[in-house]
Each structure stands twice: as structure tokens, then as C-alpha cells.
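What shape does this take:
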Amino acid sequence: MRGERIRKLWPTWRRDVPALIATLLLVWLGLVRGGKVPLLGLVDLGFHELGHLLTYVFPDLVTAVAGSVTQVAVPVGLAVYFVVVRNERASAAVCLAWAATAAADAAVYIADAPYERLELIGGEHDWAFALSAEGFDAMENAAGLAQAVRGLGWLFATAAVGLCLWPLGRRWVAPIEAPMSVKAQFRVVRGGLVGGRTGISHSVEGKLLLGRRSLPAARCAAASDRQIVLETTGWCQPIWSQVVAAGRAAI
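Sure thing, here's the model as predicted:
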């Protein structure tokens, strides 16, 4: 009974909770505790050096800055891919948490520019050069720039936690009310409903009253008796046995 209540309130919790734990762990390691995240720090270093390599033909100032930019841009790009292309919020959240740790690492590097105390794997200090008279000539702004980049990391971390908790918050802030109008069509093949990966062929038209806004209905969420209830955003966790029963009753 308790598990059923959790599934209704937070239908994607099996994916979101592990992602939330991973996100909080990364935020604690990278932003709260500080320092490089074990193993992930080596990945950041690899993308950092890749940024230098890809911009080697450009002016030295661009090459120097590109390392830190690339190590942050890669996880952000992956997060956008998972949200826009794959519609996988949990994966996007972990990538944003990774981007937060990468930004925190870049902030430490930038703040070290006036002092050059960090141990480097070789070569010149990127930000000591970038902020020197040969670059932006803004060494006095190193601390402020580092703080801004660190703040960007916290913004990524907040967005990551928000993605994990989005289904729960959506149901709390804007619960879905009864459909205004619904029309469902089912077809029977060899005695059963077929079609799609769910084993059900259906086309649904109608609208939902979400808060005070009327939105076009998009995806089938659940069914009770003969009434099909619709979701407007994201895949939900339907009770397909009820959908099948509703479909057969409709036919």
C-alpha cells in the first residue's frame, strides 16, 4: 500500500532517487568539501587538455581559456542532450552535477592565477597567462571571476536537484485535474489490444485542465473504468492492465 502511494505521488522515483543521491554526493565532493572528485577529476583533466588541443590553431589566449571552458561545456552539453533528445531527466541531472564539480575545479584554477601555487602537469598556468598583461590584463579580477564561476557551479547543482525532484514538485504545485474532454480509440487484433511498445494501440484526443491553463493532452497516463486520464508532460508510469480493461470496455 505504501509503495503504491509512492508510485502515484512520484512515479519515476526508481530512477530519480539514485540520481538524486549521486547528485548530492557529487555536489558535496566538488562544491562543499572542495577539491577534485576521485576519478571524475581525471576525466575533467582529459577534457581540459582536449580543449587545448582542439583550439591549438587559434591565438594563445583562446587556447589557454578553452581548457577550462571545455571541461565545463562537455557535461553541460550531455545534460542538454539527455533532456532534449532522450527525455531522461535523471541522466541529465547527474551530468549537471558533474558540470557543477567541473566549474568548481575551474574556479580553483582561476583563483590561483595571481599566485600559481597549484601543481600542474606541465606547461604554463592557463589563467595566469589569460589574466596577465599579455591576455585580458585583469589579474586583479581573478578572485571575482573565480567566485562567479563557482556560483555557476552552484546554479548547475540546483538545476540538477530540481530535475530529480521535478515529478514530485509538479504534482505538489499543479495537480492534474479531471479531463475536460477525452476521446479514445482502440482496435482489437486476434482478441487483444495491440500496437506500440506497450502492447496497446490507441489514439487519444482531448485536453486537460492543468491549474487554470488548458493544455493539449499528449500521453496516456492511467485509466479508471472507461475514462482515460491523460498527461501533458513526460512519460508517466501507467497501470496498463487498467488501460487494457478500459480499452476493451470502450470497444
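
Would you state the strands of this structure in chain order?
Remark: strands assigned in the chain by DSSP state E are 176-186, 188-189, 192-193, 202-210, 213-216, 219-224, 227-231.

Which parts of this protein belong to which domain?
2-172, 174-250 (automatic domain parsing).

Which residues are in contact with residue 30?
By C-beta atoms under 8 Å, 6 or more residues apart in numbering, the contact set of residue 30 is 36, 37, 100, 101, 102, 104, 105, 153. Just so you know, the C-beta spots here come from the backbone N, C-alpha and C atoms, and that holds for glycine as well.

hey, least reliable of the domains of the chain by pLDDT?
For those, mean pLDDT drops lowest on domain 174-250, to a mean of 38.

mind checking the end-to-end distance for stretch 125-143?
16 Å (C-alpha to C-alpha, to the nearest Å).

May I see the buried residues of that stretch?
125, 126, 127, 128, 129, 130, 131, 132, 135, 139, 142 (16 or more other C-beta atoms under 10 Å).

What subset of the contacts of residue 30 is buried?
36, 37, 100, 101, 102, 104, 105, 153.

tell me which residues of the lengthiest helix in the chain are tucked away?
Scanning the chain for the helix with the most residues, using DSSP state H, yields helix 142-173. By 16+ other C-beta under 10 Å, the buried positions in helix 142-173 come out as 142, 145-146, 149-150, 152-153, 156-157, 159-161, 163-167.

Check which helices and strands that helix is in contact with.
If contacts are counted by 3 or more C-beta pairs under 8 Å, 6 or more residues apart in numbering; DSSP states H and E, helix 142-173 sits against helix 13-27, helix 60-84, helix 89-111.

Could you check the angle it makes with helix 89-111?
Here helix 142-173 runs at an angle of 160 degrees relative to helix 89-111 (axes from the mean of the first three to the mean of the last three C-alpha atoms, to 10 degrees).

ok, how many other residues are close to residue 64?
Residue 64 is flanked by 24 other residues according to other C-beta atoms under 10 Å.

how about it, what does it touch?
52, 124, 126, 127, 129, 130, 135.

Please list all residues in contact with residue 23.
93, 94, 96, 97, 157, 160, 161, 164.

With residue 22 instead?
Contacts of residue 22 (C-beta under 8 Å, 6+ apart): 94, 97.
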